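Visitor: What follows is a predicted protein model with its sequence.
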Amino acid sequence: MTGPDDVLRPHAEQRFAGELAALAAADDRPRPPGWRLSPWAVSRYLLGCTLGDGTAVTPKYIGARRIVEVAVATLATDRALLLLGVPGTAKTWLSEHLAAAVSGDSTLLVQGTAGTTEEAVRYGWNYARLLADGPSREALVPSPIMTAMAEGRPARVEELTRLPPEVQDGLITVLSEKTMPVPELGVEVQARPGFTVIATANDRDRGVNEPSSALRRRFNTVVLPLPATAEEEVDIVTRRVADMGHSLRLPEVPAGLEEIRRVVTVFRELRQGATEDGRAAVASPSGTLSTAEAVSVLTHGLAMAAHFGDGVLRPSDVAAGVHGAVVQDPAADGVVWREYLETVARNRPGWRDFYAACREAAG
Ligand SMILES: Nc1ncnc2c1ncn2[C@@H]1O[C@H](COP(=O)(O)OP(=O)(O)OP(=O)(O)O)[C@@H](O)[C@H]1O
Ligand SMILES: [Mg+2]
């Protein structure tokens, strides 16, 4: 058996097993059938709290409490949950933690791509067995959805809108009838209580494979917003960077709050097309510059500082990462970035080193 420390990225239920067990022990509220925790305890797991016995439950999702409550409550109904939002708004992250808290298993996952086939939502066959013995239960290879139905757990569907329409249609039957017939064996798998689907979809994919209204009706949609304020985004990035540094076992580097604040400010200003004080308009580059990308840039900066720098996160450690995130299209984005540096960064008090490092990285 591998423990959570032996793998690069343990599942949420492995990583936070201690928190989940403490919550289960402290949880005296009613649990929906098939759930390991009450909806209240699931929301505590996601939002963070301190339990009566002193266990600190770390916040997983940082944002409006209401969003988490609506999402959790949806899972306790017969509707599936669709998490919708622009890239990097923690749709996948929230989906994993929701599944982990509700059932202790976040691994029943269908990844939506243009090449995803119906077998991924229904079932397939082990062809060696099928040829040897004909159709039998042993030859059947259940999809994660089928397993979730049989075991009464949530299944996750990533990037719902990238699934081809006929595969999406397969989900309609599952969600409305809560059963999956296997005509080859003359049987059906009826969903047990606790079964539901948590899907994510990216706003930017709108129009790719727009779900039919029949499918949409089976989902409650919860829109995950971008962080409302710079402070909130700095908070998210600080926590996630510390967390990433820890799981990658990077040598300790002091948090570097200044650098985090600067990167978050640059990303927000370029994203919203105006400076934070609203005084000046700036052009937006083609990339998304999401919170998730800010986390990556700063984690990379930490690695630079730890291995090649002086052990403190400095502008020169993050400049190349910022440049890479902003300038996705060398021609158009290069112009946007240089203009931002000259008109905004250059004259901002306290940004002299950052400006110089970015100029250097821009070559
Ligand atoms: N509000 C938030 N609270 C906590 N973490 C957040 C928040 N917003 C973003 N993150 C962090 O951003 C990272 C990326 O999130 P995730 O991959 O879930 O995004 P996504 O919405 O699924 O993006 P995509 O559309 O690209 O799939 C995660 O590490 C997550 O911790
Ligand atoms: Mg995602």
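Guide: Happy to help now that I have it. Ligands and ions are numbered 1, 2, ... in the order given.
Visitor: Can you give the domain ranges for this structure?
Guide: Domain segmentation of the chain under automatic domain parsing yields 12-223, 230-362.
Visitor: Same list, these, but as CSV with mean neighbour count please.
Guide: Glycine gets a C-beta too; all of them are placed from N, C-alpha and C. What follows is the domains of the chain, written out as CSV (neighbours: other Cβ atoms under 10 Å):
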stretch, mean neighbour count
domain 12-223, 18
domain 230-362, 18
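Visitor: Take the ones you listed and lay them out in TSV including mean pLDDT.
Guide: Formatted as TSV, the domains of the chain follow (pLDDT from 0 to 100):
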stretch	mean pLDDT
domain 12-223	95
domain 230-362	92
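Visitor: now those domains in a markdown table, with distance to Asp6?
Guide: A markdown table is the format used below for the domains of the chain (distance: least, Cβ to Cβ, whole Å):
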| stretch | distance to Asp6 |
| --- | --- |
| domain 12-223 | 10 |
| domain 230-362 | 12 |
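Visitor: Export the ones you listed to TSV and append columns for distance to ligand 2.
Guide: Output for those, formatted as TSV (distance: least, Cβ to the ion, whole Å):
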stretch	distance to ligand 2
domain 12-223	3
domain 230-362	9
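Visitor: can I get the ones you listed in a markdown table with distance to ligand 1?
Guide: Converted to a markdown table, these look like this (distance: least, Cβ to the nearest ligand atom, whole Å):
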| stretch | distance to ligand 1 |
| --- | --- |
| domain 12-223 | 3 |
| domain 230-362 | 3 |
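Visitor: starting at the chain centroid, how far to stretch 231-244?
Guide: Distance of stretch 231-244 from the chain centroid (Cα atoms, centre = their mean, to the nearest Å) equals 14 Å.
Visitor: Check stretch 135-153 too.
Guide: With Cα atoms, centre = their mean, you get 26 Å for stretch 135-153.
Visitor: Could you look up the next helix or strand downstream of whichever helix or strand Leu82 is part of?
Guide: Following DSSP states H and E, the helix or strand that holds Leu82 is strand 80-85. Going down the chain from strand 80-85, the next helix or strand is helix 91-103, by DSSP H and E.
Visitor: now the angle from that following helix to strand 80-85?
Guide: Using axes from the mean of the first three to the mean of the last three Cα atoms, to 10 degrees, the direction of helix 91-103 lies 150 degrees away from that of strand 80-85.
Visitor: same for helix 91-103, what does it pack against?
Guide: Counting contacts by 3 or more Cβ pairs under 8 Å, 6 or more residues apart in numbering; DSSP states H and E, helix 91-103 is packed against helix 12-15, helix 17-26, helix 39-47, helix 65-75, strand 80-85, strand 154-158, strand 196-202.
Visitor: To Thr288, which of those lies closest?
Guide: Thr288 lies closest to strand 196-202 among the helices and strands packed on helix 91-103, at 9.8 Å (Cβ to Cβ).
Visitor: Tell me the gap between that closest one and the middle of its chain.
Guide: 11 Å.
Visitor: Please identify the pairing partners of it and their relative orientation?
Guide: Looking at strand 196-202 with DSSP bridges, its partner strands are strand 80-85 (parallel), strand 154-158 (parallel).
Visitor: Tabulate the CA atom coordinates of it in PDB.
Guide: The C-alpha trace of strand 196-202 is given here as PDB (Å, rounded to 0.1, in the frame of the first residue of the first chain):
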ATOM      1  CA  THR A 196     -25.300  11.700  -7.800                       C
ATOM      2  CA  VAL A 197     -23.200  13.400 -10.400                       C
ATOM      3  CA  ILE A 198     -20.900  16.400  -9.900                       C
ATOM      4  CA  ALA A 199     -20.000  17.900 -13.200                       C
ATOM      5  CA  THR A 200     -17.800  20.800 -14.100                       C
ATOM      6  CA  ALA A 201     -17.900  23.000 -17.200                       C
ATOM      7  CA  ASN A 202     -15.800  25.800 -18.400                       C
END
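Visitor: now Ala319: how far from Pro330?
Guide: 17 Å (Cβ to Cβ, to the nearest Å).
Visitor: can you check Leu257 too?
Guide: Taking Cβ to Cβ, one finds Leu257 at 31 Å from Pro330.
Visitor: correct me, but Gly256 touches Val312?
Guide: Yes - the criterion here is Cβ atoms under 8 Å, and Gly256 meets it with Val312 at 6.9 Å.
Visitor: Need the residues touching each of the two.
Guide: When contacts are counted by Cβ atoms under 8 Å, 6 or more residues apart in numbering, Gly256 and Val312 have Ala305 as shared neighbours.
Visitor: give me the element the residue lying closest to Arg262 once chain neighbours are set aside is part of.
Guide: Distances taken as Cβ to Cβ, 6 or more residues apart in numbering put Phe354 closest to Arg262, at 5.5 Å, once the chain neighbours are dropped. Here Phe354 is covered by helix 352-362, with elements defined by DSSP H and E.
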